Every structure is written in structure tokens, then in C-alpha cells.
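Novice: with the sequence up front, the predicted model follows.
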Amino acid sequence: METILIVDDEKNYPPVLAAILGDEGYETFTANSGEAALGVLKSAEVDLLLTDLKMPRMDGMELMVRVKELDPDLPVIMMTAYGTVEMGLDAMDKGAHSYIWKPFNNDQLILFVKRALAVRRMVRENRLLKSELLSQYGFDNIIGKSKAMRDVFETIRKVAPTTATVLIEGESGTGKELVAKSIHFNGPRREKPFIAVNCAALAETLLESELFGHEKGAFTGATSLKKGRFELADGGTLFLDEIGEISPSLQVKLLRVLQERVFERVGGTRPVQVDIRIIAATNRNLKREMEAGRFREDLFYRLCVLSLTLPPLRERSGDIRLLVDHFIKKYAPVRKAGTPVTGLRQDVERLFYEYAWPGNVRELENIIERAVILAAGGLITVEDLPRDFQKTVRASLPLEGIAPDAKLADTLGEVERMMIERALKMTGGIQAHAAEILGIAKSGLSQKIKKYGLDVGSLS
């Protein structure tokens with residue numbers, strides 16, 4: 001229930017207004033002075049202040065100033081019987097939501113109250129959304145404990161507080177946009193826009209218009225002025241995904257914006273100044289593209305002020321179990337009926353560690369989302385996985401690399417040693433978990449570690 005504090009030095013006035021607003025479903029508090037009103041505000045949650053302007057000792061204007069120190073977002077409606085239009089406008093300039101002249105009818109009062117409370121709700125919702133964004137794109141939502149990911153976290157922590165241009169490299173599906181958002185929402189521009197554009201998704205002419213905007217009549221179909229992503233991101237961050245796909249001519253125009261933060265809309269001549277942070281991402285090796293003459297050297301060094309590389313999932317297999325747990329929790333609400341999914345069967349976990357994950361984290365997330373929906377029980381089974389995935393991981397081992405005269409015992413021993421090393425790397429050297437993955441007892445694993453002279457510390 002929304003609450004309203006009514007303040008007026010006329011003792012009979014607050015109870016009358018309280019009765020009117022109480023009939024509308026609002027909870028009310030009353031006070032006959034500014035001092036008493038401050039006491040109420042310090043002890044109760046209030047959504048709206050309805051106060052008289054003219055009061056002895058502390059008038060409504062002074063009360064509003066004091067209230068804004070306690071709660072800057074609290075809407076204030078100023079009531080007055082003696083003031084002028086100028087006084088009302090002055091009150092709004094100093095932070096009042098609106099003012100209302102006495103005497104007023106009940107419908108007019110209720111309308112003003114509803115409008116002010118709607119603003120209060122909108123402000124709260126915006127703050128909640130911002131809080132959720134900060135939580136969603138905080139460091140805790142980039143999953144990983146491997147050495148490679150710890151290095152990524154450390155780089156993000158260093159670059160986020162700056163406004164420097166950042167280049168993120170990595171294969172498709174490794175989470176480049178998630179990292180870009182984490183940099184933005186943990187940096188000084190977090191309250192400003194984060195605008196993303198996929199440079200590979202549009203043809204050159206469309207991409208130019210999308211980035212820089214266009215003037216009315218710039219080309220057929222340009223019936224009105226359109227602001228581009230650079231203008232929309234003013235004050236915030238522009239994320240240029242797949243930057244390696246842009247054409248040489250567009251690279252020249254982009255270089256100018258990076259150097260001067262100035263551009264012209266398509267079909268325009270007036271320079272547009274912007275204040276933005278650029279974060280770019282690519283799944284290409286831009287140094288090789290530069291050496292091959294497909295990417296400008298000067299643009300590369302403008303983009304690569306600070307850089308970080310996201311490792312593919314196959315190089316951080318020790319993070320697979322963490323990622324699986326994260327995605328199971330994320331998609332648990334999608335499962336409308338049946339036993340809640342809590343994890344994987346051991347044979348599925350082995351398959352996940354054996355798979356190369358060409359689609360990286362994005363592919364793993366897709367498979368888990370599908371499996372959570374389809375799973376018959378509390379554990380994801382092989383039958384819950386896509387058929388193409390099952391065929392790929394169950395393909396027979398290649399024999400071409402094994403010498404024709406190789407002895408079975410020696411070959412099996414080498415395979416056993418390699419599998420133990422891999423399991424220990426995946427689990428960070430935790431032998432109990434490695435034994436679980438291998439399907440053997442922990443004591444048996446300890447014996448095999450001694451047998452092959454493995455250094456567990458170097459594998460963690």
C-alpha cells in the first residue's frame with residue numbers, strides 16, 4: 001500500500017485529506033508542522049509528501065529542501081491558498097512535483113496524487129532495473145576459475161574504471177559481449193547508454209547509416225532524420241561487435257571518429273561531436289588481418305589501447321562443471337513440471353569433457369537449456385542431448401596415430417595416463433572429483449598417480 005504524508009498547520013485540514021485519500025486505498029500520515037513531518041519521515045516509509053506552502057517556523061519550501069536531503073526521489077505536492085503562479089513555479093524549480101491551489105475539489109486532488117505516485121513508481125522501477133543490470137553484468141556472472149579466466153577477471157578489473165578503448169578477441173560464443181557489458185557497467189559510464197551493433201550483420205551502406213545516422217533525403221527511403229548508434233551512445237559506451245568485418249572505406253571513417261570523436265551523418269555536412277567509450281570485439285586475428293592488408297594498421301592500434309583475449313571452452317575445460325551448474329540454475333524456471341533438474345549423470349559429464357565445444361560457452365548453454373526442458377528426471381541423461389552432439393562425441397577414436405606394431409598394454413597405459421592427467425587438470429587437481437569423472441575409486445586413482453609418477457600440483 002502506498003503511503004502519503006499530509007502536512008498543514010490548520011489542524012482540521014490533514015484529517016479531512018486523510019479521509020479522502022484513505023477511501024482511495026492509500027495509507028496516510030498527518031502532521032501540523034514541518035518539524036513533526038521530518039519526525040514522521042525518519043520513522044516511516046513515505047511515497048508522497050503533500051504539504052502546505054505557508055506554515056509558521058518551517059514553511060513548505062524549507063520542508064521540501066530538508067526532505068530532499070533524506071530522500072531525493074520523494075515526490076512533493078505543494079498546496080497553497082495565498083501564493084502566486086510565480087511561487088508555484090519556483091517550488092517546482094526547487095524540486096516539487098506539482099502545486100495545487102486551495103480550495104480544490106476531491107477529484108483534482110486525487111488526480112494530482114495519482115500522477116505523483118506514478119512518477120515515484122517509475123523512478124523505483126528504473127533504479128531496480130539498473131541494479132539488476134549491475135548484478136547481471138558484474139564480475140560474478142562471468143563464470144570460471146581456470147587460470148585463463150582469472151587473468152580475464154584481473155584485466156576487466158583494471159580496464160573497467162578507465163574510459164580507454166578496449167579490444168576483446170576470442171572465438172564466437174566465448175562471451176565477448178558479456179565481458180563488454182561488465183566493463184561498461186562496472187565503469188564510470190554505467191549510468192549512461194550501452195549501445196551494441198553487430199558489424200557483420202549489415203551490408204556496408206546499411207552499416208554506415210546505422211553507425212552514423214542519416215539526414216532526411218540522404219538516399220531513397222530516408223524520409224526523416226535518423227540518429228546513428230554513435231549519437232545514441234553519447235556519454236556511454238558503443239560496443240562494435242565483429243569489428244574485423246567492416247570494409248576498408250568504413251575503416252577510414254571509423255578511424256576519424258576514434259581520433260576526433262566527430263563525424264557527419266550520411267548525406268550531411270554538419271559535424272556531430274560525441275563523448276563515447278569504444279569497446280570492440282572480433283573473432284578474427286586482427287594482427288594477421290593487418291599483415292594481410294585487410295585491416296588498417298592505424299585503426300588497429302587505435303582500437304587496441306587495452307586488449308584482452310577470451311579463451312575457448314576447450315582450453316578451460318575445468319570450468320565446464322561450474323558453467324553447467326550456472327546454466328541449470330538459470331533455466332530452472334523454464335521447466336514447468338516434473339522433478340527439478342539438479343545436475344548431470346556421470347556419463348554425460350564425461351562426454352562434456354571429451355567434446356571440443358566448437359560453439360564454446362554459447363553452445364554449452366544451448367544444450368543445457370534444451371536438456372533442462374526435456375529431462376525426464378532430476379539428472380540430465382545422454383538421451384536428453386541433441387542427436388548430432390551424441391554422434392560427435394561417440395565417434396570412434398582414430399587409429400591413424402597409433403603405430404601398426406604398437407603393443408596393446410603400452411598403448412592402453414599411455415591412454416590411461418593421458419586420461420588421468422586430463423581429469424586432474426579439469427578438476428584443478430581435486431582427486432576425489434577426478435576419480436568420479438574417471439569412474440574409479442579415489443584410492444585406485446592415487447595408486448595410478450604413483451604408478452605414472454604424476455605431479456598433481458603441476459596439473460592443478
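Specialist: Received it, and whenever you're ready, just let me know what you need.
Novice: per-domain residue ranges of this structure.
Specialist: 3-132, 139-311, 314-393, 408-459 (automatic domain parsing).
Novice: in the stretch 251-400 of the chain, where is pLDDT below threshold?
Specialist: For the stretch 251-400 of the chain, the stretches flagged by pLDDT under 70 are 394-400.
Novice: could you dump the domains of the chain into CSV and include mean neighbour count?
Specialist: Where C-beta positions appear, they are placed from N, C-alpha and C, glycine not excepted. Listed next are these as CSV, based on neighbours: other Cβ atoms under 10 Å:
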stretch, mean neighbour count
domain 3-132, 16
domain 139-311, 17
domain 314-393, 17
domain 408-459, 15
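Novice: just the helices in the stretch 201-350 of the chain please.
Specialist: Applying DSSP state H, counting those that start in this stretch to the stretch 201-350 of the chain gives helices spanning 204-212, 229-232, 248-260, 286-291, 297-303, 320-331, 346-354.
Novice: helices and strands around the third one, which ones?
Specialist: Under the contact criterion of 3 or more Cβ pairs under 8 Å, 6 or more residues apart in numbering; DSSP states H and E, helix 248-260 touches helix 204-212, strand 262-263, helix 297-303.
Novice: for residue 390, which of the ones you listed is the nearest?
Specialist: Distance to residue 390, taken as Cβ to Cβ, is lowest for helix 204-212 among those, at 39.4 Å.
Novice: report the angle between the closest one and helix 248-260.
Specialist: For helix 204-212 against helix 248-260, the angle by axes from the mean of the first three to the mean of the last three Cα atoms, to 10 degrees is 10 degrees.
Novice: quick one: contacts of helix 204-212?
Specialist: 197, 199, 202, 218-219, 226, 228-230, 246-247, 249-250, 253-254, 263-266 (Cβ atoms under 8 Å, 6 or more residues apart in numbering).
Novice: 10 Å instead, please
Specialist: Defining contact as Cβ atoms under 10 Å, 6 or more residues apart in numbering, one finds that helix 204-212 is touched by 197-202, 214, 218-219, 222, 226-231, 238, 240, 245-250, 253-254, 257, 263-268, 272.
Novice: returning to that earlier point: out of the helices of the stretch 201-350 of the chain, which gets nearest to residue 177?
Specialist: Among the helices of the stretch 201-350 of the chain, helix 229-232 sits nearest to residue 177 (Cβ to Cβ), with 14.5 Å.
Novice: residue 94 against residue 65, yeah?
Specialist: Yes: in this structure, residue 94 is within contact of residue 65 by Cβ atoms under 10 Å, at 7.0 Å.
Novice: out of the helices of the stretch 201-350 of the chain, flag the one nearest residue 48.
Specialist: helix 229-232 (33.8 Å).
Novice: can I assume residue 108 is in contact with residue 101?
Specialist: Yes: Residue 108 is within contact range of residue 101, at 9.2 Å (criterion: Cβ under 10 Å).
Novice: which residues sit in contact with residue 126?
Specialist: residue 73.
Novice: common neighbours of residue 94 and residue 65, please.
Specialist: Joint contacts of residue 94 and residue 65 (Cβ under 10 Å, 6+ apart) are residue 76.
Novice: give me the element residue 177 is part of.
Specialist: helix 176-185 (DSSP states H and E).
Novice: by contact count, what packs against that helix?
Specialist: For helix 176-185, the elements it packs on are helix 106-136, helix 147-159, strand 166-169, strand 194-198, strand 237-241, strand 277-282, strand 306-309, judged by 3 or more Cβ pairs under 10 Å, 6 or more residues apart in numbering; DSSP states H and E.
Novice: now the second one: mean pLDDT?
Specialist: Meaning helix 147-159. The average pLDDT within helix 147-159 is 91.
Novice: next one: the first one
Specialist: Per-residue pLDDT values over helix 106-136 give a mean of 79.
Novice: ditto for the third one
Specialist: Strand 166-169 shows a mean pLDDT of 96.
Novice: neighbouring strands - and their directions - for that strand?
Specialist: strand 277-282 (parallel), strand 306-309 (parallel) (DSSP bridges).
Novice: which ones are touching the closest residue to residue 355 other than its chain neighbours?
Specialist: Nearest non-adjacent residue to residue 355, counting by Cβ to Cβ, 6 or more residues apart in numbering: residue 393, 4.9 Å away. By Cβ under 10 Å, 6+ apart, the residues touching residue 393 are 348, 350-356, 382, 385.
Novice: roughly how far is stretch 108-123 from the heart of the chain?
Specialist: 31 Å (Cα atoms, centre = their mean, to the nearest Å).
Novice: sorry, back to before: mind putting the strands paired with strand 166-169 into CSV with distance to residue 435?
Specialist: Below are those laid out as CSV (distance: least, Cβ to Cβ, whole Å):
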stretch, distance to residue 435
strand 277-282, 39
strand 306-309, 33
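Novice: out of the ones you listed, which comes closest to residue 87?
Specialist: Of these, nearest to residue 87 by Cβ to Cβ is strand 277-282, at 43.8 Å.
Novice: next, the angle from that closest one to helix 176-185.
Specialist: 170 degrees.
Novice: any idea how far the spatially closest residue to residue 242 that is not a sequence neighbour is from residue 194?
Specialist: Among residues not flanking residue 242 along the chain, residue 200 sits closest, at 3.9 Å (Cβ to Cβ, 6+ apart). Remark: distance between residue 200 and residue 194 (Cβ to Cβ, to the nearest Å) = 19 Å.
Novice: likewise for residue 224?
Specialist: 25 Å.
Novice: likewise residue 67?
Specialist: 33 Å.
Novice: same deal with residue 378?
Specialist: Applying Cβ to Cβ, the value for residue 378 to residue 194 is 38 Å.
Novice: mind checking the SS state of the residue sitting furthest away from the middle of the chain?
Specialist: Largest separation from the mean C-alpha position in the chain: residue 405, at 56.2 Å (Cα atoms, centre = their mean). Per DSSP: H, G, I helix; E, B strand; the rest coil, the secondary structure class of residue 405 is coil.
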